[in-house]
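Q: Show me the folded form of this:
(2 chains)
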Amino acid sequence: MSTAASPMMDLANQLAALCREGKNLEAIEKLYADDIVSTEVMGTPEMPARMEGKDAIKGKNQWWFENHEIHGGDVQGPFPHGDQFILAFSYDMTPKCGPMNGQRGQMQECGLYTVRDGKITEEKFFYHMPGQG
Amino acid sequence: MSDTLQEALAVGKQLVEYINPENCRFRDAIVDLYADDAKHIEACDMGPDMPQITDGKEAILKMSDWWESVHEVHGHEVKGPYPHGNGSFATWMSLDVTAKEGPMANQRMQMQEVCVYGVKDGKISQVEFYWDPTESGE
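A: From the prediction side, this is the model:
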């Protein structure tokens, strides 16, 4: 049983559905606030840990899709809490660059989203990459 | 890697070791890993024994003991820890559980939740539970 009991859950379910279809750019365009703040676990030269603004986040997503071959994946959730919700992602992928270049691997991550005025204003990612310690 | 990320990852690994299905040391995890003034925040108010916010390790232990007394856990799974750079980490958990009382009494349920933990000075200072009270797996 699943009920979209609130506007936030309706938005969260839309995001989950678009991510399942790999339509992340469409999701950003449609569901994100213009001044979205996105935070990764760590920064790299190509991708600072904290990025701001819809265009920057679209660029980050584009970079990610261009530099990873996705063989499969799954999105679980949304798991709500107040004005926030979480999606749990798993990916089967092969990076095309960086220290794991060419090595197929499974990755899991949680995205924590904050919603204000019907738009996603913040996203924070939680994951553990090889080499993080 | 930043110190806060390393610390969050280390505490996260300890927690997952305590609560994984081989060990099931949920109570010990609170006793050993939580700060005395830790705060537990649920997705919503779950009644007088489990308000939305529970303050302090003693109160969290009491609430956790209550929860264990009114649920039969058939199995669970834990994944993570998934750290974030600001001294926090997440875990994903699934539960196969039958409530012994309340509106869902005697109904076996499959639940999934994500917990986000805040770490300060090497201890868990806050935990927030994310789950959908309107969803119960059949």
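
Q: How about the residue most central in space within chain A, nearest residue that isn't a chain neighbour?
A: Nearest to the mean C-alpha position of chain A, counting by CA atoms, centre = their mean, stands A:G111 at 5.6 Å. Leaving out its chain neighbours, the residue that sits closest to A:G111 by CB to CB, 6 or more residues apart in numbering or on different chains is A:L87, at 4.9 Å. Just so you know, the C-beta spots here come from the backbone N, C-alpha and C atoms, and that holds for glycine as well.

Q: So which residues of the chain form helices?
A: All of this is about chain A. Secondary structure of chain A by DSSP state H: the helices cover A:7-20, A:24-31, A:54-66.

Q: wrong one, chain B
A: B:3-19, B:26-33, B:57-69.

Q: do you know which of the ones you listed lies nearest chain A?
A: Of all the helices of chain B, helix B:3-19 sits nearest to chain A, with 5.5 Å by CB to the nearest CB.

Q: Next to chain B, which bits of chain A? Give me the list.
A: A:1-3, A:5, A:9, A:39-42, A:49, A:76-82, A:84-86, A:88, A:108-110, A:112, A:124-128, A:132-133 (CB under 8 Å from any CB of the partner chain).

Q: List buried residues within the residues you listed.
A: Buried subset of the residues of chain A next to chain B (neighbour count, 16 or more other CB atoms under 10 Å in any protein chain shown): A:9, A:39-42, A:49, A:76-81, A:84-86, A:88, A:108-110, A:112, A:124-128.

Q: Out of those, which sit inside strands?
A: Judged by DSSP state E, the subset of those located in strands is A:39, A:76-81, A:84-86, A:88, A:108-110, A:112, A:124-127.

Q: ok, now how distant is B:C24 from B:D36?
A: From B:C24 across to B:D36, the span is 24 Å (CB to CB, to the nearest Å).

Q: my bad, B:I19
A: Counting by CB to CB, the separation of B:I19 from B:D36 is 20 Å.

Q: Next: A:F89.
A: 35 Å.

Q: between those two, which one's more packed in?
A: A:F89 (19 against 9; other CB atoms under 10 Å in any protein chain shown).

Q: you'd agree that one is up against A:G111?
A: Yes: between A:F89 and A:G111 there is a contact under CB atoms under 8 Å: 6.6 Å.

Q: so where is chain A shaky, pLDDT-wise?
A: Flagging of chain A using pLDDT under 70 yields the residue ranges A:1-5, A:130-133.

Q: could you redo the last one with a cut-off of 80?
A: Scanning chain A for pLDDT under 80 picks out A:1-5, A:45-47, A:129-133.

Q: bridging residues for residue 105?
A: Chain wasn't specified; assuming chain A. A:M93 (DSSP bridges).

Q: if you could check chain B rather than the one you did, that'd help
A: Note on B:A105: beta-bridge partners B:A99, judged by DSSP bridges.

Q: near chain A, which residues of chain B show up?
A: B:1-2, B:5-6, B:9-10, B:41, B:43, B:79-86, B:88-90, B:92, B:112-114, B:116, B:128-132, B:134-136, B:138.

Q: Just the buried ones out of those, please.
A: B:5, B:9-10, B:41, B:43, B:79-85, B:88-90, B:92, B:112-114, B:116, B:128-132, B:135.

Q: next one: stretch A:25-37 to chain centre, how far?
A: 11 Å (CA atoms, centre = their mean, to the nearest Å).

Q: Can you redo the helices of chain B as a markdown table, where the extra columns are mean pLDDT and distance to A:L25?
A: Listed next are the helices of chain B as a markdown table, based on pLDDT from 0 to 100; distance: least, CB to CB, whole Å:
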| stretch | mean pLDDT | distance to A:L25 |
| --- | --- | --- |
| helix B:3-19 | 95 | 28 |
| helix B:26-33 | 98 | 40 |
| helix B:57-69 | 96 | 42 |
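
Q: Now for the most centrally placed residue in chain B: which residues touch it?
A: Central residue of chain B (CA atoms, centre = their mean): B:C115, 6.0 Å from the mean position. By CB atoms under 8 Å, 6 or more residues apart in numbering or on different chains, the residues touching B:C115 are B:A90, B:T91, B:M93, B:V127, B:E128, B:F129, B:Y130.

Q: nearest to B:G102, of the residues you listed?
A: For those, the residue nearest B:G102 by CB to CB is B:F129; the value is 17.0 Å.
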